[in-house]
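The following block contains a protein sequence and its predicted model.
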Protein chains: 4
Amino acid sequence: MPRDYRRDFKFKQTGGSGKSFFHSVVLMSVRIGILTAGGDCPGLNAVIRAVVRRALVEDAQVFGVRNGWRGLIEDDIVPLTRSSVSGILPRGGTILGTSRTNPFDEASHLERIRLNWEKHELGALIVVGGDGTLRTARDMWREHKYPIVGVPKTIDNDVGGTDFTFGFDTAVSVVTDAIDRLHSTAESHHRVMVVEVMGRHTGWIAAYGGIAGGADVVLVPEHPFRLSRVCDFLRHRADQGNAFSIIVVAENARPVPEENFLSEENSREIYRQGRLGGIGMLVAREIERISGIETRFTQLGYVQRGGSPTAFDRVLATRFGIKAYDMVAASEWGHMAALHGRRVVSFPLDEAVREIKKLSEEIYHVAELFFG
Amino acid sequence: MPRDYRRDFKFKQTGGSGKSFFHSVVLMSVRIGILTAGGDCPGLNAVIRAVVRRALVEDAQVFGVRNGWRGLIEDDIVPLTRSSVSGILPRGGTILGTSRTNPFDEASHLERIRLNWEKHELGALIVVGGDGTLRTARDMWREHKYPIVGVPKTIDNDVGGTDFTFGFDTAVSVVTDAIDRLHSTAESHHRVMVVEVMGRHTGWIAAYGGIAGGADVVLVPEHPFRLSRVCDFLRHRADQGNAFSIIVVAENARPVPEENFLSEENSREIYRQGRLGGIGMLVAREIERISGIETRFTQLGYVQRGGSPTAFDRVLATRFGIKAYDMVAASEWGHMAALHGRRVVSFPLDEAVREIKKLSEEIYHVAELFFG
Amino acid sequence: MPRDYRRDFKFKQTGGSGKSFFHSVVLMSVRIGILTAGGDCPGLNAVIRAVVRRALVEDAQVFGVRNGWRGLIEDDIVPLTRSSVSGILPRGGTILGTSRTNPFDEASHLERIRLNWEKHELGALIVVGGDGTLRTARDMWREHKYPIVGVPKTIDNDVGGTDFTFGFDTAVSVVTDAIDRLHSTAESHHRVMVVEVMGRHTGWIAAYGGIAGGADVVLVPEHPFRLSRVCDFLRHRADQGNAFSIIVVAENARPVPEENFLSEENSREIYRQGRLGGIGMLVAREIERISGIETRFTQLGYVQRGGSPTAFDRVLATRFGIKAYDMVAASEWGHMAALHGRRVVSFPLDEAVREIKKLSEEIYHVAELFFG
Amino acid sequence: MPRDYRRDFKFKQTGGSGKSFFHSVVLMSVRIGILTAGGDCPGLNAVIRAVVRRALVEDAQVFGVRNGWRGLIEDDIVPLTRSSVSGILPRGGTILGTSRTNPFDEASHLERIRLNWEKHELGALIVVGGDGTLRTARDMWREHKYPIVGVPKTIDNDVGGTDFTFGFDTAVSVVTDAIDRLHSTAESHHRVMVVEVMGRHTGWIAAYGGIAGGADVVLVPEHPFRLSRVCDFLRHRADQGNAFSIIVVAENARPVPEENFLSEENSREIYRQGRLGGIGMLVAREIERISGIETRFTQLGYVQRGGSPTAFDRVLATRFGIKAYDMVAASEWGHMAALHGRRVVSFPLDEAVREIKKLSEEIYHVAELFFG
């Protein structure tokens, strides 16, 4: 039975710094690790900076674990100072690096994590990651007794238990800018533009980007679509003199097989291509073939994952970072920072990772409203 | 005693269009007016478009009242069609125009509004405005019995009863972009930059913009500041080798009078100048005088009020517009659309206008955290 | 033999308006047509506005010919006033619409153009278009004796006789922004990103965008590339610890067939797919297959053609519009506006359309410098 | 008499790398210094990166002199490697820092420069700076016999001998974005907006920004203006129903004294305030006082100097950096890189610094065209 590292968590209670608005326990002797894992997401650096700056107020020490869990396995751990985090707020990516390495992939991983944890005398770990990473964090806390708090992170906005994740607003902004540019040609050409956007399991980016950009059709994984309906709608618009239509397709949106409209062969190709990327290109070709309207394709790809976070995402990420520190100070292990309305709260990882958060029905219907 | 126009509100219930997610009553015979009043705010056009597009689904008719209440007084009312609102989603300003004319300014105003209301056979009015306009809307509904619903609008984010107003995120983004640019010179010069931002009564824009931009000091109206403390902090930073500091000042932030640090005369000048704009410039001069550090000034002014709304603001404004229509369909007079967490709800105007929404303590403390 | 409309060109010389810097002949009685033809290009509206505003100074009248040459064939011609062009400067697209209709496609076209020209008593025509349109304009002037001046327009920057065309800087900015976002993930992942950009016959956009974005490899139509060399370079970078590479591919860049590296079948597919769009996706797959490095794909597509023009493009388009008016005033038929260094000059269409302007060798070598 | 360091310049001619497009002499044994001096300017990092990357091709060594000439005086000189310049292309500021220290301020400066030059065995120096810095560079080369080449740098675009300097396009873009935002409120309010922009001695930024943003009035230092004329024009616009006017004022534009329109006292205050910044605010107050039209003020300040350079500026800066290296390889001392049309050439410093480059008459008249 593993040693319960959570019981090792000690702090030296002091008079505090007078910055008493936040959690008042002062962590002078605690060494806090932080790691970022999974795909890129604008705002990661803002979280890291906020944790370090918050800790500096209390003279606590923060250690950056490089490349996600791999840094704990391979002993790649560096102290983070004020100057480590200077100037990183507006930058995309993560100064700590990331990886998809999983502590449970190999038995030796856990053993090495244990050794490095003790070597560095870590007192707590802040794990910043998406659905999968948070599930791993939950298991490391629950089964292996590590004192861990989480910070949810994904451009897809599909982590449960929080209204929004940082990175999402940035991805939506990139999509919206692209649609704006496509729209500006609207008065000149009779043409359909298909824009493929990210969203592994959900249509959040597609729906928000589609609404913000004024797309005519939004296709999301939550609602398989009929190509025949899309083509009918486009022809209807063309008949009414709308020379231009914009379709936003989430990368995992899938058409319903239909006789005459989507051959068995094309359908299979769409599924196969979808895995390789480019579902939008296939949809564009089918629409052009079926409707006879000239159709063009844009795939934004990783452009949605990178670059400077929006103001919204920077503020959210900063608040999450400060909350994560305060959760450590309050020993709220197995919880993650979450946005509930205007407040940032502590939310149980167990509940958060139970299932991914699907696109809200209201947002879907707002997007649908403009589709016919 | 005025006739109760709210009792005139009738609708022809039909089978509906099958777009049954939203409020299902169909308003085939209702003529809905909409007006925008007060200062500019990115997202106004998105609201107008959403109301019109939502109404089109039910074959209801929307009429644009031009230049705020003035259009009702001067009979400047135009039908809004699909083509009226085509392409306006990404545009700043308002296609309806706005004014600060108030129905209660002159007795004749109310009489003329009554005549024009009847002439155009309006069945409901959607009023999009800030604190003052919503108060007027409440009075027109409560005292003069008009069937009115509201939509809150202000870049200042100070309307009560809603988590956020559209326009705010855009203003914050403009401030953040400006601070980012100022920061990029950080490694080269020893200098203080003062950025004056909007926010009539509250520090929302200053605090969010300051946090997102990584400002070192944020000064807000809710918390009068000591120039001596600011100067001490700047000298402390300079001593530590931080060659560069950024201060965000809300337009109505005010210094506490201090002996030696802010003369009676300078203090009076700051108050006087503040009314004319330019409090930031005065603060910049005082800081340079007191601390001896070279100080520069930026006043973004109306740049914060204009331009294309951010994706966040466009989605919020679109949802508010759809909600306003549904509130009309549900006869929820005297209410306004409001954001509560992830949901858009109906909220009583009486409560919303009771007092302005001050900067949240949590956000203030997050901003303060980076100040010393 | 056609009537020489150029001899009809008359003007009423007046005292002028004192705006004597530009060409001083005043065209009070002249009716000037303007049309935009070919693909979209940011800056078209800026040209139209400049022509109209310049003409207003002299009380000359400008008529907008809608949808390119088609408007002359179908008598779709509207007067352009100050209010027609108000607010259009920052907008993408063209308020006149465009088409690819060619006067020489059908014999009846020329006859109808002649009738409409006389009906509207046009005295001159300003044709804004790319290589093909300018060739048509040249033929209409030389063979059919119309008093025509041209304004070069293409995002591809491949029109001869001018240093730059407006639209190009905007397209390059879009590409650069996308690469910047991809770069921000550089510190975290070992991955190749392929960005496909526009440029029908030339590598101008690819090279400028690649240099500005700091791409590692730039592939252009002017220089067929070896996939083996690209893969070697990527592996070399990977061996040196450069975890991330960005490749910019112009839409018509083509690989040289190589044994083992690009099979006959794949090569054929690349050529075939290239016609349908998506050469970049094929290149990405081949690179992943050959080098074994994870590779991702972005296709910006028409996003490069739309949206608000950059400041550079707006100034250039405005200067071209003013120059076009002055060329009409000076009867410089068969010429187009052109940028030579800092000056806007009049340049013969005959020379301009002789051949497309290939990517300059200096720029290509600057781009190559960072490749290997 | 000073030793002629230019005669020390030696290189080891080798077979070269085959990158033979650029100057072919290979500088394997040469140590090249580079410094940036004067005010901030977007694109400085792009120059530094280009010099280092170009030198790497030939195995030459580049040394960064920190904080302008001060680094040579205080022996603050660091080797620049590939990793030193990784990721800096899109960043504002300069990784080398800058200062306004002048070698000729103190006699000891020159002596210490001599010692450090010899200590580091420098073979050449690339000086990146504006008008003043280039004059200093010229003197160090001509009088003190240092092998120096220059790269012109200023957002003001006022260095002679080159069509454009990098940084200018970025500053113009910032101004244009701000004006665009102000314009979006145009349809709603009757108001004058005054935007004060940079430009110490010239109106380049004001004129380009004004043209690109569609400003109604542009006031530049080259042409003192009459406030009465401006007010007449604004009232004329208001009478015609143009509810909104935008005025761009360069920081050193100055009004002509006029009886009744600009009192002696106000005129003195304008001159006095101008020195402290804020000429635009004074002009705004006078316009409001004289014309009675509500007037608002925006001062962009250092926002124009910072931030990521535009694509145009990055390409120009990169080409200048490569050219500077090639000028070293060709021993073209006392010259600077310059843009002449499409070509980057070598231009004598003597001629370049003879006088600042005033706003071109053509550009001024384009801006004036829209003023009345």
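Nice, thanks for sending it over. Residues are numbered from 1 along each chain as shown, chains lettered A, B, ... in the order given.

Quick check: A:Ile148 touching A:Leu125?
Yes: between A:Ile148 and A:Leu125 there is a contact at 4.9 Å, judged by CB atoms under 8 Å. In this view, the C-beta of every residue, glycine as well, is placed from N, C-alpha and C.

The two - which one has more neighbours?
Ranked by neighbour count (other CB atoms under 10 Å in any protein chain shown), A:Ile148 and A:Leu125 place A:Ile148 first, with 28 against 25.

Name the nearest residue to that one, ignoring sequence neighbours.
In space, A:Ile148 comes closest to A:Trp141 once its chain neighbours are excluded; the distance is 4.3 Å by CB to CB, 6 or more residues apart in numbering or on different chains.

Can you tell me how far that neighbour is from chain C?
25 Å (CB to the nearest CB, to the nearest Å).

Give me the pLDDT for that residue.
Among the per-residue scores, A:Trp141 shows a pLDDT of 96.

what's the neighbour count on it?
23.

got it, and A:Arg319?
22.

go on, A:Thr154?
So A:Thr154, with other CB under 10 Å, has 26 neighbours.

How about A:Ile88?
For A:Ile88, using other CB under 10 Å, the count is 18.

Secondary structure class of it, three-state.
coil (DSSP: H, G, I helix; E, B strand; the rest coil).

next one: A:Thr154
Assignment for A:Thr154 (three-state DSSP): coil.

looking at it, it is touching A:Gly132, isn't it?
No: under the criterion of CB under 8 Å, A:Thr154 is not in contact with A:Gly132, lying 9.7 Å apart.

got any residues that touch both of the two?
A:Gly38 (CB atoms under 8 Å, 6 or more residues apart in numbering or on different chains).

A:Leu182: helix or strand, and which one exactly?
Assigned by DSSP states H and E, A:Leu182 belongs to helix A:168-183.

And the pLDDT for the closest residue to A:Arg342 other than its chain neighbours?
Leaving aside its sequence neighbours, A:Arg342 sits nearest to B:Asp163 (CB to CB, 6+ apart; 4.9 Å). pLDDT recorded at B:Asp163 is 97.

List the backbone torsions phi and psi for B:Asp163.
phi -60, psi -40 (degrees, to the nearest 10).

A:Ile34 too?
Torsion angles, degrees, to the nearest 10, at A:Ile34: phi -140, psi 140.

thinking it is in contact with A:Ala124, fair?
No: with contacts counted by CB under 8 Å, A:Ile34 stays clear of A:Ala124, the gap being 9.4 Å.

Find residues that contact each of those two.
By CB under 8 Å, 6+ apart, A:Ile34 and A:Ala124 have no common neighbours.

if we can go back for a sec, following the chain onward from the helix holding A:Leu182, which element is next?
Next element after helix A:168-183 (DSSP H and E): strand A:191-197.

Could you report the neighbour count for the closest residue to chain D within the stretch 201-350 of chain A?
Nearest residue of the stretch 201-350 of chain A to chain D (CB to the nearest CB) works out as A:Ser308 at 8.9 Å. Residues near A:Ser308, counting by other CB under 10 Å, number 22.

which ones are touching the closest residue to it other than its chain neighbours?
Excluding the flanking residues, the one nearest A:Ser308 by CB to CB, 6+ apart is A:Pro90, at 4.8 Å. A:Pro90 makes contact with A:308-309, A:314, B:180, B:183, B:213-214 under the criterion CB under 8 Å, 6+ apart.

how far away is the residue nearest to A:Arg342 from A:Asp313?
Remark: distance between B:Asp163 and A:Asp313 (CB to CB, to the nearest Å) = 17 Å.

what's the closest non-adjacent residue to A:Leu72?
The spatially closest residue to A:Leu72, leaving aside those adjacent along the chain, is A:Ile113, at 4.6 Å (CB to CB, 6+ apart).

Verify the contact between the one you found and A:Trp69 for me.
Yes: here A:Ile113 reaches A:Trp69: they are 7.4 Å apart, a contact under CB under 8 Å.

So if I had to pick from the two, which one is more boxed in?
Under the criterion of other CB under 10 Å, the comparison of A:Ile113 against A:Trp69 puts A:Trp69 first, with 26 against 22.

Below-threshold pLDDT in the stretch 1-150 of chain A: ranges please.
Within the stretch 1-150 of chain A, the ranges that satisfy pLDDT under 70 run A:1-2, A:6-29.

Now the residue nearest to A:Leu72: which helix or strand?
helix A:107-119.

Now do that helix: which elements does it pack against?
helix A:69-73 (3 or more CB pairs under 8 Å, 6 or more residues apart in numbering or on different chains; DSSP states H and E).

what comes into contact with the helix it packs on?
In contact with helix A:69-73 (CB under 8 Å, 6+ apart) are residues A:33, A:35, A:37, A:64-65, A:76-77, A:96-97, A:99, A:101-103, A:109, A:112-113, A:116-117, A:136.

Same check on stretch A:106-121?
Residues outside stretch A:106-121 that contact it (CB under 8 Å, 6+ apart): A:5, A:31, A:33, A:63, A:69, A:72-75, A:77, A:101-104, A:144, A:146.

and with 10 Å instead?
With contacts defined as CB atoms under 10 Å, 6 or more residues apart in numbering or on different chains, stretch A:106-121 is touched by A:2-3, A:5, A:8, A:29-31, A:33, A:61, A:63, A:65, A:69-77, A:79, A:101-104, A:122-123, A:125, A:140, A:143-144, A:146.

Can the one helix or strand A:Ile363 maps to be said to contact chain B?
If you go by DSSP H and E, A:Ile363 is part of helix A:361-369. Yes: interface with chain B: helix A:361-369 contributes A:361-369 (CB under 10 Å from any CB of the partner chain).
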